[in-house]
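S.K.: okay, sequence plus prediction incoming.
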Amino acid sequence: MAQRSRLVNPEGFDGRAWLSVEEWETYRRRAAVRYPQKLRNEVIARDGEVCSICGSDSEKPIQLAHRIPFKMGLIDFGLTPEWLDGVDNLRLAHQGACNDLVECSFGEVPQLLVSFGLNLQESPVVRSGIATLEQVDGGDVVEFKFNVT
């Protein structure tokens with residue numbers, strides 16, 4: 001198994017992947033806006049300077065894109081900004097359609113988090129009782145189910 005890269009600035013969240021319930025509730029009121037450009041060179045070193053979707057290095061601008069969209073990861077799953085801006089969650093993609101295709105859907109996020117070795121039970125969304133985790137078809141697939149009335 002490949003070793004995970006170190007977080008760029010873990011001091012603010014002590015290297016945690018998950019927000020506390022209190023932190024998460026604060027971000028739900030006003031989500032932060034992030035610009036992880038300082039990691040661009042690490043992503044290029046890992047993947048090369050080509051689009052992760054089409055594989056092209058064409059004239060069209062290539063930008064950093066989040067696999068787990070920043071706002072979704074923060075608000076819906078309770079991940080820290082530092083984790084979301086980490087190299088594992090970033091890919092290079094052309095602006096527009098390629099960038100949109102980098103992003104995981106809501107249903108894909110739990111499995112991606114599990115693949116990174118994160119314990120979904122530690123999510124503030126689950127710990128607060130707003131969501132529960134459910135196995136799908138008795139298999140290894142997990143879904144977040146929101147307890148909305």
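M.R.: Everything's here; your move.

S.K.: distance of T26 from L74?
M.R.: Using C-beta to C-beta, to the nearest Å, one obtains 10 Å as the distance from T26 to L74. In short, each C-beta sits where N, CA and C put it, glycine included.

S.K.: and those two? which has more neighbours close in?
M.R.: The residue with more neighbours, out of T26 and L74, is L74; 23 against 13, by other C-beta atoms under 10 Å.

S.K.: isn't P61 up against Q95?
M.R.: Yes. In this structure, P61 is within contact of Q95 by C-beta atoms under 8 Å, at 5.2 Å.

S.K.: which one of these two has more residues nearby?
M.R.: Q95 (13 against 10).

S.K.: for the more buried one, give me its contacts.
M.R.: By C-beta atoms under 8 Å, 6 or more residues apart in numbering, the contact list for Q95 reads 60-63.

S.K.: mind listing the helices for this structure?
M.R.: Per DSSP state H, the chain carries helices over the ranges 21-29, 40-47, 70-71, 81-84, 97-102, 109-115, 124-127.
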